[in-house]
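Enquirer: sequence plus predicted model, see below.
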Amino acid sequence: MRVLILAVALCLSPIAGAVDSGQRFEDPAAQARYEQLIRDLRCLVCQNESIADSNAPLASDLRREVRVLITEGRSDAEIRTFLTDRYGDFVLYRPPLRPRTWLLWSAPVLFLLGALGVVAVIVARRARAARADPHALDEEPERP
Amino acid sequence: MKFPVRFLVPALAFAVLVGFFVVGLRQDPGQIPSPLIGKPAPGFSLESLGDPGWKVGPTDFAGRAWVLNVWATWCVGCRQEHEALLAIARDNQVPIMGLNWRDDRALALRWLTELGNPYASVAFDPEGRTAIDWGVYGAPETFLIGADGIVLRKHIGALTADIWQQDFVPLLQAGAGGG
């Protein structure tokens, strides 16, 4: 029983840990937009937290600002621009595609291509070794 | 000859990694470049710290270079840089406006009485609304605004006489010479 209570308590802890004490929007769509936006905005004081997660006073100021902007009927893009005009792209957890972020955005593809290249080299080499000596791989199958 | 392929690729990968570290680890993640540099200073009209009936703002310095210094009594760096600010004010180099950020009015006034007041005026921003417009994320922060109202420089962290001499004075002199 105690284990069950503990399990339930642990499951509920993320809810208890939510730092946003602000009022909820009456409109569920606005609330969803608000929650999505504050999860994607970086707290500049504690840089590895979003403003949704951070307890910092600045994060609470920025949440209030986002709330006000949504209430004023601004679009998500306008709200992001509002923040990048003041704090730079650094506030965005999803940096926009620009010349200086090309490498960042293409990195996953580059890594994949690199890995495929390595696999191709290994396969080609093994095929060559197998052709040269059909029993080479039988003796030491672990050898790269 | 097996050497080149077996060792060249990891060596190259390692070199790239080292390159990233050399660049990345030298940057201070606490120093976020301000997008305001080279743009017009954000306007505001806030209550004066000392006199709630009085409004202060950038228009007070129209046509002159000025400095905006973000401070608060809870901020250790602000206490460290206070002497440097007093020295700038004593030399009468440029008017400094204080932006008292997320602070308590009585505490802030006591700070100025006890430590001396380097500010031409102090804007009171207890909720941090104006601070957001200026992209403030920590105190102290110090901005230099040119006579044309363009933000020329931002310093994050405590100001010292050396930093002032090195980063701010040349810009001030260039502005005075050009205009």
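Expert: Yep, that arrived.

Enquirer: please count neighbours and contacts with C-alpha atoms only from this point.
Expert: OK.

Enquirer: for the residue nearest the centre of chain B, helix, strand, or coil?
Expert: By C-alpha atoms, centre = their mean, chain B has its centre lying nearest to B:Thr142, at 2.3 Å. Following DSSP: H, G, I helix; E, B strand; the rest coil, B:Thr142 is assigned to strand.

Enquirer: and the residue nearest to it when sequence neighbours are not counted, helix, strand or coil?
Expert: Spatial nearest neighbour of B:Thr142, excluding adjacent residues (C-alpha to C-alpha, 6 or more residues apart in numbering or on different chains): B:Asn69 at 4.4 Å. Three-state assignment for B:Asn69 (three-state DSSP): strand.

Enquirer: how near is B:Asn69 to A:Arg42?
Expert: Taking C-alpha to C-alpha, to the nearest Å as the measure, B:Asn69 and A:Arg42 are separated by 24 Å.

Enquirer: again with B:His82
Expert: Note on B:His82: its distance to A:Arg42, by C-alpha to C-alpha, is 30 Å.

Enquirer: between those two, which is the more surrounded one?
Expert: More crowded of B:His82 and A:Arg42, by other C-alpha atoms under 10 Å in any protein chain shown: A:Arg42, with 24 against 20.

Enquirer: so who does the more buried one touch?
Expert: A:Arg42 sits next to A:48-51, A:90-93 when contact means C-alpha atoms under 8 Å, 6 or more residues apart in numbering or on different chains.

Enquirer: who wins for neighbours among the residues you listed?
Expert: Using other C-alpha under 10 Å as the neighbour criterion, A:Ile51 leads the contacts of A:Arg42 with 29 neighbours.

Enquirer: next up, the contacts around that residue.
Expert: By C-alpha under 8 Å, 6+ apart, A:Ile51 lies in contact with A:38-39, A:41-43, A:59-60, A:62-63.

Enquirer: make it 10 Å
Expert: The contact partners of A:Ile51, by C-alpha atoms under 10 Å, 6 or more residues apart in numbering or on different chains, come to A:19-20, A:37-45, A:57-63, A:91.

Enquirer: where does B:Asp51 sit: helix, strand or coil?
Expert: coil.

Enquirer: count of neighbours near it?
Expert: B:Asp51: 12 neighbours (other C-alpha under 10 Å).

Enquirer: quick one: it from chain A, how far?
Expert: 25 Å (C-alpha to the nearest C-alpha, to the nearest Å).
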